[in-house]
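Trainee: have a look at this prediction, sequence included:
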Amino acid sequence: MKQLAFIFAILFLVFVGYNRTFADASPETGVARQEPAPVADQAEPATPAAPAQAETKPAEQQQAAAEPESSEAEKEEEKIYIADPIYPWNKAMYHFNDKLYFWVLKPASQGYSAVLPEDMRIAVSNFFENVMTPIRFVSDILQLKIKRAGNELVRFAYNSTAGVCGLADAAKADLNVPRVDEDLGQAFGSYGIGHGFYIVWPFLGPSSLRDSVGKVGDGFLNPVNYISPIETSIGITAYDKVNTTSLHIGDYEDLKKSAVDPYVSIRDAYLQYRKKKVEE
């Protein structure tokens with residue numbers, strides 16, 4: 001009876017461990033349940049049984065040992081939680097941004113892409129990314145990523161000249177110095193500052209308290225915001241948004257289509273994206 005209770009305890013622990021992961025399928029849980037029982041049951045009464053099990057099940061034991069590790073990594077990657085105390089506001093802003101995308105931004109981007117070829121739209125995107133160099137440079141400095149900060153200066157100087165005002169990413173093509181996205185929100189995250197709570201802003205989309213503060217700082221580092229009059233600055237920012245959207249039409253639709261609850265899926269996708277960015 002004690003052996004039977006021990007076996008059931010092991011089965012229960014393995015079952016709970018596998019069910020806590022999103023990536024494991026039911027066939028894998030069957031393997032996990034099958035592996036510990038014979039080893040625990042037959043190892044005590046007869047010592048010759050141990051070599052036989054080692055000979056007959058080496059592959060299963062290796063697979064069972066490897067699967068929980070990968071599942072644990074996936075669990076850490078997928079299960080990211082954030083407080084959502086202003087849920088009514090966030091849900092309302094989610095619906096506002098959703099309608100804004102389908103009724104305004106997507107049609108404008110589709111019309112824009114019909115007029116301007118993709119190569120030219122990519123060149124426009126390169127130009128704006130080159131303009132945003134101060135944001136990435138300061139963020140790198142705050143994180144003591146001195147080499148990356150130096151790369152940003154090299155990229156800006158080279159792309160502004162050989163890349164014709166940044167229209168071409170010549171630094172990546174000629175010098176093999178790629179652009180690495182950085183912002184102040186990532187810098188704050190690298191110091192261990194948590195998200196705080198989840199916020200969805202109109203026009204800007206999903207964010208958090210930490211990243212919202214970062215965006216304010218990014219705004220002060222963005223040269224476009226110093227263009228006057230302010231209407232011109234807003235117009236340039238809106239044009240950049242339309243141009244960027246034209247290069248990614250369909251991404252948002254795919255996310256919504258595959259989601260049971262789009263609001264939750266977008267929130268989780270945002271958190272995973274920001275977590276990876278902070279860890280880079």
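Mentor: Structure received.
Trainee: please count neighbours and contacts with C-alpha atoms only from this point.
Mentor: OK.
Trainee: and the chain, what are its domains?
Mentor: Structural domains assigned to the chain are 2-78, 87-279, following automatic domain parsing.
Trainee: put together a markdown table for these, with mean neighbour count and mean pLDDT on each row.
Mentor: Written out in a markdown table, the entries for those read as follows (neighbours: other Cα atoms under 10 Å; pLDDT from 0 to 100):
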| stretch | mean neighbour count | mean pLDDT |
| --- | --- | --- |
| domain 2-78 | 14 | 43 |
| domain 87-279 | 17 | 96 |
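Trainee: not counting sequence-adjacent ones, nearest residue to S113?
Mentor: The shortest distance from S113 to any non-neighbouring residue, by Cα to Cα, 6 or more residues apart in numbering, is to S246 (6.0 Å).
Trainee: against I236, how distant is that neighbour?
Mentor: S246 sits at a distance of 15 Å from I236 (criterion: Cα to Cα, to the nearest Å).
Trainee: next: A123.
Mentor: With Cα to Cα as the criterion, A123 and I236 are 15 Å apart.
Trainee: in the stretch 51-200 of the chain, which spans are strands?
Mentor: 198-201 (DSSP state E, counting those that start in this stretch).
Trainee: and the helices in it?
Mentor: Listed from the start of the chain, the stretch 51-200 of the chain has helices (DSSP state H, counting those that start in this stretch) covering 58-78, 87-100, 106-115, 118-131, 133-142, 146-161, 170-175, 184-190.
Trainee: what's the angle between the fourth one and helix 133-142?
Mentor: Spelled out, that is helix 118-131. Orientation of helix 118-131 against helix 133-142 (axes from the mean of the first three to the mean of the last three Cα atoms, to 10 degrees) gives an angle of 50 degrees.
Trainee: got a list of contacts for helix 118-131?
Mentor: Helix 118-131 is touched from outside by 113, 156, 159-160, 165-169, 222-224, 240, 243-244, 247, with contacts defined as Cα atoms under 8 Å, 6 or more residues apart in numbering.
Trainee: next, the angle from that helix to helix 146-161.
Mentor: 130 degrees.
Trainee: export helix 118-131 as CSV, just CAs?
Mentor: Output in CSV follows, covering the C-alpha atoms of helix 118-131 (Å, rounded to 0.1, in the frame of the first residue of the first chain):
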residue,chain,number,x,y,z
GLU,A,118,7.2,49.0,-51.1
ASP,A,119,10.9,49.9,-51.8
MET,A,120,10.1,53.6,-51.3
ARG,A,121,8.0,52.9,-48.2
ILE,A,122,11.0,51.0,-46.7
ALA,A,123,13.2,54.0,-47.6
VAL,A,124,10.8,56.3,-45.7
SER,A,125,10.9,53.9,-42.7
ASN,A,126,14.7,54.0,-42.8
PHE,A,127,14.6,57.8,-42.8
PHE,A,128,12.5,58.0,-39.7
GLU,A,129,14.5,55.3,-37.9
ASN,A,130,17.6,57.3,-38.6
VAL,A,131,16.0,60.4,-37.1
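Trainee: picking up where we left off before, for G205, find the nearest of the helices of the stretch 51-200 of the chain.
Mentor: G205 sits nearest to helix 87-100 of all the helices of the stretch 51-200 of the chain, at 6.8 Å, using Cα to Cα.
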